[in-house]
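K.L.:
Let's see this in three dimensions:
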Amino acid sequence: MSIAIVVRLRQWSLLSIVIVPLFAMFVTGHALASTKTDSEENPYVWKPKTTSVSVFKNGYGFFTREGEVELKGGWGHANEVPPAAFGTLAIYAANPQQLVDVVGVGAGEMISFEEMAESIRDTSRKATLEASLSMKVKLVSRTGSQSQEVTGSLKAISGGYAVVEQTNGAAAIPLEAIVSMQRVDLPLRFHVVEETGTVSERVDLHMAYLRSGIVWIPEYTLKIIDESTAELTLRGTLVNEAEDLHDCDVHFVVGVPHFVHSEMLSPVAIGQILRSIGSAIPTAGIPLQNMSQVMNRAVIANDFDNGRLDASVATSGAGTETFKELLGTLPPSDAAGAGDYSVYSKKGVTVRKGERAVITLMSKRISYGHQYAWTPGSVGRGDGASEDLVHRLVLENSTETPWTTGPCLALSGNQPLSEDILRYTPVRAKGELTVTTAINIAKSITESEVDRKLKAHEPQPNSFLDLVTLRGTVQLKSFESKPVSIRVTRSVQGRPLDATSNGSIRMDSEKLRLVERAGQIEWSVELQPGKTTELSYTYERFVPSH
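P.N.:
Residues are numbered from 1 along each chain as shown. From the prediction side, this is the model:
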């Protein structure tokens, strides 16, 4: 491979490119060797690490990046602008005495050395080029009236030459011939000043933003231990299509904050220039001055005390379904407790873009009980049978955090009992999990007319309604070996009048017209083994008179 070296020959009046393989290899090799450290890691390029992310169930995550960087004249650069949601991007200094006063995005500024005073031109040119080592730059050189552009990675400054690596080789350009420089691939730039007004030389810079492409899916396992105790385990499947996470703190949020502009990109993310005043912050987190921008009407009450929880992380390649399709299969976001947010946290998680991880977030022993429920349907089938009577487990949330909505597999030993959705359950509340159809409880329901008032109402001339009173009887007999609790809910087309056994009566406030009136009667009773229990009720309804 030949290396082009741009030199200015005294006897030539125009720029010449001379192919001198041996000499070029010597100059370039010597330059690269003498500045290897500088070219590999440019101290003025900010290379932050994603240190934490709060993941929501709606496909968004709130990311925080951190990293130190040296500044040249108060300026630093970065090669990536995240696709932040509008109103959520914050760039700030960790040191309370420093201020990020300018943030810019776009093509790098064109630095013209010809416009500088001759007394400082050579020194400024060399200093500017050295500050751009390892960056992709566009250099314009001129000899006489001839100009040439070279674009590539600036690898070294040595022996009076700037060495630029291109796809087809390397170009060594005399420093004195370079008239301008533009950084090509560092779209983000920032300026930092001290509280005193002087420019900063180094800054611990943080960036926080909301973006889409990451989601967590809750899954529960309920293991029956004895007649009253069970072990509830919550695992979160983290699906990451956003960005690489290396040794990152991941916070799985129960609840979804209200982000008004989550569907819109920040102006910075779409390439416009943003000039905003950042603020100094305490080292523990985001500054109060930026909180409204960062969280936008959302306050998360974090509970990160999860040191007792075990975690197992397994990663695999992403599936074939799209991220949007995956979101469509998830349980709905928690609506209850919309003002309260709880968080399960895991430290040191590594999940690269396109990978998935299954993480154990909680494993607690809880108390549980049994609940049977029956909602009779229409009466008139010969045996009075209707909807199935179901057996549910009632789980008491005695943990420190609410239970988010998610599928739950119930196990007894090595045998599965059921798989159902465990709904959102606040702390100190009870959640229900359907187990199976109860076959050891016999049930029947009968109704009969006990009174009729003919033509009790005339809604319009020659059109009459009869007022009919009906009595119903529900019979239940348990063949279980122990007493069982059962909840019976009977809906009627009419106005409930009374119910035995402390049955509660409710009217449907949406159905108030006489012929549309509806109500509901509910009992909670305990069935004794082998004994028959009767529940009676009466209600009235208007029917057309014939």
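K.L.:
if we look at the sheet, which residues does Lys443 bridge to?
P.N.:
Leu476 (DSSP bridges).
K.L.:
I'd assumed Leu389 was in contact with it.
P.N.:
Yes - between Lys443 and Leu389 there is a contact under Cβ atoms under 8 Å: 5.8 Å. The C-beta positions use only the backbone N, C-alpha and C, and glycine is treated the same way.
K.L.:
residues shared between the contacts of those two?
P.N.:
Trp374 (Cβ atoms under 8 Å, 6 or more residues apart in numbering).
K.L.:
any chance you could map the helices in the stretch 101-250 of the chain?
P.N.:
118-130 (DSSP state H, counting those that start in this stretch).
K.L.:
which residues of it score low on pLDDT?
P.N.:
107-109, 186 (pLDDT under 70).
K.L.:
quick one: the strands in the stretch 101-250 of the chain?
P.N.:
All strands of the stretch 101-250 of the chain, identified by DSSP state E, counting those that start in this stretch, fall at 110-112, 136-143, 146-158, 161-166, 169-174, 178-183, 188-194, 202-212, 214-224, 229-240, 245-254.
K.L.:
between the longest one and strand 169-174, how many degrees?
P.N.:
Think strand 146-158. 100 degrees (axes from the mean of the first three to the mean of the last three Cα atoms, to 10 degrees).
K.L.:
How far does strand 146-158 sit from its chain's centre?
P.N.:
Strand 146-158 has its C-alpha centroid displaced from the chain centroid by 43 Å (Cα atoms, centre = their mean, to the nearest Å).
K.L.:
Give the pairing partners of it; include direction for each.
P.N.:
Strand 146-158 is paired, per DSSP bridges, with strand 136-143 (antiparallel), strand 161-166 (antiparallel).
K.L.:
quick revisit: make JSON lines out of the strands of the stretch 101-250 of the chain and add distance to Val69.
P.N.:
Supplementary listing: the strands of the stretch 101-250 of the chain in JSON lines, determined by distance: least, Cβ to Cβ, whole Å:
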{"stretch": "strand 110-112", "distance to Val69": "20"}
{"stretch": "strand 136-143", "distance to Val69": "18"}
{"stretch": "strand 146-158", "distance to Val69": "18"}
{"stretch": "strand 161-166", "distance to Val69": "23"}
{"stretch": "strand 169-174", "distance to Val69": "27"}
{"stretch": "strand 178-183", "distance to Val69": "15"}
{"stretch": "strand 188-194", "distance to Val69": "9"}
{"stretch": "strand 202-212", "distance to Val69": "6"}
{"stretch": "strand 214-224", "distance to Val69": "26"}
{"stretch": "strand 229-240", "distance to Val69": "26"}
{"stretch": "strand 245-254", "distance to Val69": "19"}
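K.L.:
Looking at these, which is nearest to Arg125?
P.N.:
Closest approach to Arg125 among those (Cβ to Cβ): strand 178-183, 6.4 Å.
K.L.:
what packs against the closest one?
P.N.:
Counting by 3 or more Cβ pairs under 8 Å, 6 or more residues apart in numbering; DSSP states H and E, the packing neighbours recorded for strand 178-183 are strand 110-112, helix 118-130, strand 136-143.
K.L.:
and it, which strands flank it?
P.N.:
Sheet pairing of strand 178-183 (DSSP bridges) gives strand 110-112 (antiparallel), strand 136-143 (antiparallel).
K.L.:
Low-confidence regions, the stretch 301-450 of the chain specifically.
P.N.:
In the stretch 301-450 of the chain, residues with pLDDT under 70: 301-341, 377-386.
K.L.:
Convert stretch 227-236 to CSV, retaining C-alpha atoms only.
P.N.:
C-alpha atoms of stretch 227-236 as CSV (Å, rounded to 0.1, in the frame of the first residue of the first chain):
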residue,chain,number,x,y,z
GLU,A,227,-52.4,-24.6,53.9
SER,A,228,-51.9,-20.9,54.6
THR,A,229,-48.4,-20.0,53.3
ALA,A,230,-47.1,-19.6,49.8
GLU,A,231,-43.9,-18.2,48.1
LEU,A,232,-44.5,-15.5,45.5
THR,A,233,-41.6,-14.9,43.1
LEU,A,234,-41.6,-11.9,40.7
ARG,A,235,-39.3,-12.1,37.7
GLY,A,236,-38.9,-9.3,35.1
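K.L.:
and Gly74, how many neighbours?
P.N.:
Gly74 has 17 neighbours, counted by other Cβ atoms under 10 Å.
K.L.:
dump the residue contacts of it.
P.N.:
191-193, 199-200.
K.L.:
now with 10 Å?
P.N.:
Counting by Cβ atoms under 10 Å, 6 or more residues apart in numbering, Gly74 makes contact with 101-102, 190-194, 198-201, 203.
K.L.:
Next: Ala499.
P.N.:
Residues in contact with Ala499 (Cβ under 10 Å, 6+ apart) are 472, 474, 490, 505, 521-523, 535-539.
K.L.:
ok so, going back, relative to Ile217, which of the contacts of Gly74 is nearest.
P.N.:
Looking across the contacts of Gly74 and measuring by Cβ to Cβ, the closest to Ile217 is Phe190, at 36.5 Å.
K.L.:
The closest one: neighbour count?
P.N.:
Phe190 - counted by other Cβ under 10 Å - has 24 other residues nearby.
K.L.:
Check the gap between it and Tyr92 for me.
P.N.:
With distances taken as Cβ to Cβ, to the nearest Å, Phe190 is found 10 Å from Tyr92.
K.L.:
Report the set of residues contacting both of the two.
P.N.:
By Cβ under 10 Å, 6+ apart, the residues touching both Phe190 and Tyr92 are 100, 203, 205, 207, 278.
K.L.:
Which pair of those spans the longest distance?
P.N.:
Val203 and Met207 (12.0 Å).
K.L.:
and for these two, which residues touch both?
P.N.:
Contacts common to Val203 and Met207, judged by Cβ under 10 Å, 6+ apart, are 46, 67, 92, 100, 190.
K.L.:
Quick check: PyMOL command selecting the buried ones in those residues.
P.N.:
To isolate the buried ones among the shared contacts of Val203 and Met207 in PyMOL, judged by 16 or more other Cβ atoms under 10 Å, type:
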select buried, resi 46+67+92+100+190
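K.L.:
quick one, domains of the chain?
P.N.:
4-34+110-183, 367-544 (automatic domain parsing).
K.L.:
first to last residue in the last one, what's the distance?
P.N.:
Using Cα to Cα, to the nearest Å, the span of domain 367-544 from its first residue to its last is 53 Å.
K.L.:
can you pull out the strands in the stretch 301-450 of the chain?
P.N.:
Going by DSSP E, counting those that start in this stretch, the stretch 301-450 of the chain shows strands at 315-317, 342-351, 355-374, 390-396, 406-412, 415-422, 430-437, 441-460.
K.L.:
okay, the angle between the third one and strand 342-351?
P.N.:
Here strand 355-374 runs at an angle of 150 degrees relative to strand 342-351 (the same axes, to 10 degrees).
K.L.:
and the angle from strand 355-374 to strand 245-254?
P.N.:
Interaxial angle of strand 355-374 relative to strand 245-254 (the same axes, to 10 degrees): 20 degrees.
K.L.:
Which of the strands of the stretch 101-250 of the chain sits closest to Ala357?
P.N.:
That would be strand 229-240 among the strands of the stretch 101-250 of the chain, by Cβ to Cβ, at 4.5 Å.
K.L.:
So in that sheet, which strands flank that closest one, and in what orientation?
P.N.:
Strand pairing for strand 229-240, using DSSP bridges, gives strand 214-224 (antiparallel), strand 355-374 (antiparallel).
K.L.:
chain center to that strand: distance?
P.N.:
17 Å.
K.L.:
try stretch 465-483
P.N.:
With Cα atoms, centre = their mean, you get 49 Å for stretch 465-483.
K.L.:
Now do the buried residues in it.
P.N.:
Buried residues in stretch 465-483 (16+ other Cβ under 10 Å): 465-468, 470-472, 474, 476-478, 480.
K.L.:
Please tabulate those in JSON lines and include distance to Ala177, secondary structure and pLDDT as additional columns.
P.N.:
Listed next are the buried residues of stretch 465-483 as JSON lines, based on distance: Cβ to Cβ, whole Å; DSSP: H, G, I helix; E, B strand; the rest coil; pLDDT from 0 to 100:
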{"residue": "Leu465", "distance to Ala177": "103", "secondary structure": "strand", "pLDDT": "93"}
{"residue": "Asp466", "distance to Ala177": "107", "secondary structure": "strand", "pLDDT": "93"}
{"residue": "Leu467", "distance to Ala177": "106", "secondary structure": "strand", "pLDDT": "95"}
{"residue": "Val468", "distance to Ala177": "105", "secondary structure": "strand", "pLDDT": "95"}
{"residue": "Leu470", "distance to Ala177": "104", "secondary structure": "strand", "pLDDT": "96"}
{"residue": "Arg471", "distance to Ala177": "106", "secondary structure": "strand", "pLDDT": "96"}
{"residue": "Gly472", "distance to Ala177": "101", "secondary structure": "strand", "pLDDT": "95"}
{"residue": "Val474", "distance to Ala177": "99", "secondary structure": "strand", "pLDDT": "94"}
{"residue": "Leu476", "distance to Ala177": "99", "secondary structure": "strand", "pLDDT": "94"}
{"residue": "Lys477", "distance to Ala177": "102", "secondary structure": "strand", "pLDDT": "93"}
{"residue": "Ser478", "distance to Ala177": "98", "secondary structure": "strand", "pLDDT": "91"}
{"residue": "Glu480", "distance to Ala177": "96", "secondary structure": "coil", "pLDDT": "88"}
